[in-house]
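**Q** sequence first, predicted coordinates after that:
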Amino acid sequence: MRQDQEDPYQRRSARAYAAADRAGSGSVGSPRGVLYDAVLLDRDGTLIEDVPYNGDPEKVRPVPGARAALDRLRAAGLRLAVVTNQSGLARGYFTGEQMGAVHARVEELLGRFDAWLVCPHDDADGCDCRKPKPGLVYAAARELGTTASRCVLVGDIGRDVAAALAAGAAGVLVPTPVTRPEEVAAAGWVASDLPAAVDEILRRQQAVRPATPPGDPVRTALVVRSDSAGDVLVTGPAIRAVAAGAQRVVLLCGPRGRAAAELLPGVDEIIEHPLPWIDPSPAPIDPEVMWGLTARLRAVGADEAVVFTSFHQSALPLALLLRMAGVGRISAISDDYPGSLLDIRHRVPVGVPEPERALSLAAAAGHRLPDGDEPVLRLRRDAVGPRPADLGAPGYVVLHPGSAASSRACPPDLAARITGALTAAGHRVLVTGSSAEREVTAQVAAAGGTDLGGRTDLAGLAAIVADASAVVVGNTGPAHLAAAAGVPVVSLFAPTVPFGQWGPYRVPTVRLGDAAAPCRDTRAASCPVSGHPCLSGIDPVEVVDALRAFAVSGGGGGR
């Protein structure tokens, strides 16, 4: 296949696999450009000073700036709920009436909340509502008339963030002196205090709304995402936003992302071409090849181009070629001065999830998702191949141990032990991997799983993932396939890149591994630390417990 090969795909009417379809993570008909409907708040240490087992309303002291911050959320139309563990009820340290008096005092000082959700149990009770279990988050979302993925939870300890992630909600950690350093390291979103958390919630909400109303429909839009399959998948919501206002969308991608590009709704044509300033193992610059790419881009006849990149990549080399190709309007994220290369120079703070980062660029260029289209990952149904018939009924667990970047792969011996633990707990385990990973998948599956190494392409893997009860995977493409299908993820996440940017998006997730390992934020493709300590310390029992948090039982049970 030529490096400038283009294939047409008629995708506009294609139905899509999406988290909203399977997990109820979206509300049909929700307002355009809205990430969140509700903010859930922990009580002690987040809204008010933490007085252990407090049953006395006179001891209620709001944290600094709480009332003004909450009023800003109310003014923005966000509903508010308190989600709080109160084991003092189970232990008899205070009564329900005393707790009610405390809550009345909180509302007297901080204003009315739309709902109060309380877990009255102790850890030993084994309930589903005590954080870090997700029960309170789900209950709050139901009471507020929304879904968990449209909620953001603010709390002061790791249990709060873990409960949010396990429900598919966003979680913000506001550390206090009692917050453990490892909890701070593991959190994907950290704010210095409650007002700062509210600032960022409102900023992110506003960032995906176009500053100006959409103009006339664009005839042809060129969108660009030249990177790996996972990078292309997380750009999907932004590409759909551009497609909503364009008659034709052409996607320029690299060879590593081509298979994922073929799965995206909203794309009409694909141009495949490696970009040497993006590819991790680039060939030397060939002027003739660059002139050929410029000519190919000119032939697209694009009215505008939106260049999507990761936070560490530059859009400016391609912007120069696009200018030379005669594209009249170019938008991209750029911290570097772009001169006359960009019409829309957009900036995004560090730490924003990659799908939202891309959506904010689309919004800056004047594009937004249509009504009813949630900002979740989606796949075209007609592009996802049939699942092999010999795999049995849905409800299995997919374990994907490999990754194109070895630093993010699960060590094979650990993956084998996880397979053994899952099998012993009654789960059917399918071990997936590329043809280059067959040796690893065979080793892992020998512990009790079914070896699917090399048996599927990306579309076939998407079909297998869509019928899973959960996926156990590192920071690699199949994690985003799971998010697109609304399938819970046990994330064996190596911290070489920030979890808040690259973790599974808007899907129930349990993160495992050492988030403070020495490889943190190195962006290393190969493990820079002997023994792979960020993942090697995971106990397979933790994976089994994570599935219980998703209500995934053994014996092929579902959620």
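**A** Alright, I've got the coordinates.
**Q** wait, what's in contact with Val543?
**A** By Cβ atoms under 8 Å, 6 or more residues apart in numbering, the contact list for Val543 reads Ile418, Ala421, Leu422, Val472, Val490, Leu512. C-betas here are computed from N, CA, C, even on glycine.
**Q** wait, a helix at the fifth one?
**A** In other words, Val490. No: per DSSP: H, G, I helix; E, B strand; the rest coil, Val490 lies outside any helix segment and is strand.
**Q** what is the burial count for it?
**A** Counted by other Cβ atoms under 10 Å, the residues lying close to Val490 total 31.
**Q** correct me if wrong: it contacts Gly513.
**A** No: using Cβ atoms under 8 Å, Val490 is not in contact with Gly513, being 10.4 Å away.
**Q** from the contacts of Val543, pick the one nearest Arg387.
**A** Within these, the smallest distance to Arg387 is 18.3 Å, found for Val472 (Cβ to Cβ).
**Q** quick one: the closest one is in a strand?
**A** Yes: counting by three-state DSSP, Val472 is part of a strand.
**Q** tell me who's in contact with it.
**A** Val472 sits next to Val397, Val398, Leu399, His400, Ile418, Leu422, Val489, Val490, Leu492, Val543 when contact means Cβ under 8 Å, 6+ apart.
**Q** pull the most distant pair out of the contacts of Val543.
**A** By the measure Cβ to Cβ, Leu422 and Leu512 form the most distant pair in the contacts of Val543, at 13.4 Å.
**Q** these two: which is more packed in?
**A** Legend: neighbour count by other Cβ under 10 Å for Leu422 and Leu512, higher for Leu422 (26 against 20).
**Q** what is the nearest of the contacts of Val543 to Ala38?
**A** Val490 (26.1 Å).
**Q** can you pull the contacts of the nearest residue to Ser228 once chain neighbours are set aside?
**A** Excluding the flanking residues, the one nearest Ser228 by Cβ to Cβ, 6 or more residues apart in numbering is Arg256, at 4.7 Å. Contacts for Arg256 (Cβ under 8 Å, 6+ apart) come out as Asp227, Ser228, Ala229, Asp279, Ala404.
**Q** can you count the residues close to the fourth one?
**A** Per other Cβ under 10 Å, the neighbour tally for Asp279 reads 15.
**Q** that one: what secondary structure?
**A** Classification of Asp279 using three-state DSSP returns coil.
**Q** isn't it right next to Gly254, touching?
**A** Yes: assessed by Cβ under 8 Å, Asp279 is found in contact with Gly254 at 6.3 Å.
**Q** which residues do the two both contact?
**A** Shared contacts of Asp279 and Gly254, defined by Cβ under 8 Å, 6+ apart, are found at Ser226.
**Q** leaving out chain neighbours, which residue sits closest to Gln247?
**A** Distance criterion Cβ to Cβ, 6+ apart; nearest residue to Gln247, sequence neighbours excluded, is Arg219 at 5.2 Å.
**Q** A helix includes the one you found, no?
**A** No: in this structure, Arg219 is strand, not part of a helix, as judged by three-state DSSP.
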